[in-house]
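> Below is the sequence, then the predicted model.
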Amino acid sequence: MTSQDSETKEKKKSLYTYWHKLPYFKTMDESNFAQVEESEVRSFIIKYIRDGIEDEFSRTNNLSRRHAFTAKELHAAYTKIKDQKYSQSNFHFHIKSLVEDGYLKEIVKILEGRHYITYYGRTAISFIGQYDNILTATTTQDMFSPLKQLMKNMNPEIDPETIDQLVDENILSMQDFYYRLFSWVEDKYPLLYKSKIDIKKFLRIVGHYSFFHKEFGKISEKIGSLLDLDKIMNYERYPVENEK
């Protein structure tokens, strides 16, 4: 093996090993974070890189999944999964934007044929929207303002300000629960990675176990009662069509 071959092999290994040196979480501007989440192409790119792939090189060299790809590879994966045409030049635009916004970075350039090809990877294992004030953030307002109004309509005898305060306390306790959950993820990450857990989906699922956060569970129970959800078992199961 020549020195160049050895150098190329080490560069290829970095496509797999860099992932385990990343920070577990990185906070991003809330408005930009929401835009990326809503973009089908950009959200696909960062998810595909997060999921990674096992390939012959990883198996031969006893490496974990690969989490860095060329623009061409990402474009091909998107076209295959989405089954729709999308120009590679437009795809390059989205990758460049994700690099500029701090979601992606250049991992390495590898000589393939007569050209150096750039491989892109993530800057963190997971991204979190950063709020200056979670209670006044746009995404929070969009989600919880209708809930407040519903509770006021269902409970006209209760002071509206009391309901507003209760929901705001719920939001803050929920934030505290998730910040503690982030620390749990950091502690358990080797097992999560081995199990091929999608952390983004996992965080949503684990939200159903928030009753372990006593304050969050207590306030959520109050809100549920004001929405008559404490009477949920009095309702018959809805006859869903074709249910087996």
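Good, I have the coordinates. Numbering: from 1, shown residues only.
> those strands in the chain, which residues are they?
25-29, 104-112, 115-122, 126-130 (DSSP state E).
> For the third one, what is the distance to the chain centroid?
Strand 115-122 sits 23 Å away from the centroid of its parent chain (Cα atoms, centre = their mean, to the nearest Å).
> Number of residues surrounding the closest residue to residue 75 other than its chain neighbours?
Counting by Cβ to Cβ, 6 or more residues apart in numbering, residue 75 lies nearest to residue 91, which is 4.4 Å off, once chain neighbours are set aside. All C-beta spots, glycine's among them, are computed from the backbone N, C-alpha and C. When neighbours are defined as other Cβ atoms under 10 Å, residue 91 has 19 of them.
> And for residue 167?
Residues near residue 167, counting by other Cβ under 10 Å: 20.
> Over to residue 151?
19.
> still on that earlier bit, OK, contacts around the residue nearest to residue 75?
41, 71, 74-75, 78 (Cβ atoms under 8 Å, 6 or more residues apart in numbering).
> how close does it get to residue 119?
Taking Cβ to Cβ, to the nearest Å as the measure, residue 91 falls 15 Å from residue 119.
> Please convert the contacts of residue 91 to a markdown table, extending it with distance to residue 177.
Compiled in a markdown table, these are given as follows (distance: Cβ to Cβ, whole Å):
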| residue | distance to residue 177 |
| --- | --- |
| 41 | 32 |
| 71 | 38 |
| 74 | 34 |
| 75 | 38 |
| 78 | 34 |
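> Buried ones among these?
41, 71, 74-75, 78 (16 or more other Cβ atoms under 10 Å).
> Can you tell me which of those comes closest to residue 108?
Nearest to residue 108, judged by Cβ to Cβ, of the buried ones among the contacts of residue 91 is residue 71 at 13.9 Å.
> Helices of the protein, residue ranges please.
3-17, 30-38, 40-51, 56-60, 71-82, 88-100, 138-154, 160-194, 199-206, 214-226 (DSSP state H).
> Could you list the buried residues of the second one?
Yep, that's helix 30-38 we're talking about. For helix 30-38, by 16+ other Cβ under 10 Å, it's 30, 33-34, 36.
> Okay, domains of the chain per the record?
Segmentation of the chain into domains, based on automatic domain parsing, reads 3-126, 133-234.
> So which of the ones you listed is the most surrounded?
domain 3-126 (a mean of 15; mean count of other Cβ atoms under 10 Å).
> If you average the pLDDT over it, what comes out?
The predicted model gives domain 3-126 an average pLDDT of 91.
> same thing with stretch 185-193?
The model assigns stretch 185-193 a mean pLDDT of 91.
> How far away from the center of its chain is it?
The chain centroid and the centroid of stretch 185-193 are separated by 15 Å, computed with Cα atoms, centre = their mean.
> And the contacts of that stretch?
24-25, 64, 125-126, 199, 202-203.
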